[in-house]
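Student: Let's see this in three dimensions:
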Amino acid sequence: MNSRAGPQYRSTEPQWSLFGPPVYPVYPPWRIWEALGVVVLFAVAQVLVALGVVGVMRRVWPDIGQNVADVPQLQGVVIPVALLVSHAVGWLALLLVIRGRYGLPFVWALRLYRVARRLFARAFLGGMLAQVVLLAVAAAFPPPTEHASPLEQFADVGRWALAMLFVVAVILAPLLEEAMFRGTLYPALRRRWGVRAAALIVTALFTALHATQTGSYAVAIVGIAAVGLVLVWLREGTGNLWPPIAFHMGFNFTAFLPLLLGEPPQV
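Tutor: Numbering: from 1, shown residues only. Now for the predicted structure:
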């Protein structure tokens, strides 16, 4: 299928809008398995690249150690390469589905329309507030002492690692994750099963993707799930992908503020 006639996928029934006049939902032509495939490719690429880099480094330096978490040299190479390559794979998969398979304008297909600066700022501040609440709950119910994600440990490698993690978490991850989950997968699921089922499925997958950061820490799991639902709510209520991106950015940005006081970030 290859069509550039975007309006043919527009519903004739307007949906409610949080911050403006009613908008018309766009039902994308791609199938659920195509949207889900993008997420799977991103996650698998991250794991495979990390394992591949670890394998190569251990062949070159046999005495480097077995546990990545205990070897800063491994962390300093494995995590940056895995993050950057997996993000490149994720964007490439999105382009292949949206532009390559269906020939649709990328901005139109993902609903990356121009958004008012005031709306973007309000969403960003909302994300900051959500992270403050989560940090307050985490302070009341702290994680186990052994709880430490690979990204938290990577942040201790050096200032360059913290700077790179900041760029990935605050800019790159919100853009790609929102494009994958709320921009591509959610509307495909919504068309098939409706808002509630789509919201729950997308949020469950979004939470699972962050399992390497949350581990079994219940506060973090519930917090990520709650944020996932808010992101769907913003996407559904505005008909635009920029508000959830802004909220996601604000949430992750605020996570780095406690790091300045010696606390690990929650990405």
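Student: Show me which residues of whatever helix or strand V78 lives in are buried.
Tutor: Secondary structure assignment for V78, by DSSP states H and E: helix 72-95. Buried residues in helix 72-95, counted by 16 or more other CB atoms under 10 Å: 74-80, 82-83, 85-87, 89-91, 93-94. Quick note: C-beta positions are derived from backbone N, CA and C, even for glycine.
Student: Need the nearest residue in space to L36, chain neighbours excluded.
Tutor: Leaving aside its chain neighbours, L36 sits nearest to L185 (6.2 Å; criterion: CB to CB, 6 or more residues apart in numbering).
Student: So for that neighbour, what pLDDT did the model give?
Tutor: Model confidence at L185, given as pLDDT, is 97.
Student: Pop out the phi and psi values for it.
Tutor: phi -70, psi -40 (degrees, to the nearest 10).
Student: From A43, how far off is it?
Tutor: According to CB to CB, to the nearest Å, L185 and A43 sit 13 Å apart.
Student: And R122, by the same measure?
Tutor: R122 is 31 Å from A43, where distance means CB to CB.
Student: how about low-confidence regions in the stretch 101-250 of the chain?
Tutor: 145-158 (pLDDT under 70).
Student: In it, what residue spans correspond to helices?
Tutor: Listed in chain order, the helices of the stretch 101-250 of the chain (DSSP state H, counting those that start in this stretch) span 106-110, 117-140, 150-154, 159-167, 173-180, 186-193, 195-209, 211-214, 218-238, 242-255.
Student: G52 - how many residues pack around it?
Tutor: 14 (other CB atoms under 10 Å).
Student: in stretch 96-112, what's buried?
Tutor: Neighbour-count burial for stretch 96-112, counted by 16+ other CB under 10 Å, picks out V97, I98, Y102, L104, W108, A109, L110, R111, L112.
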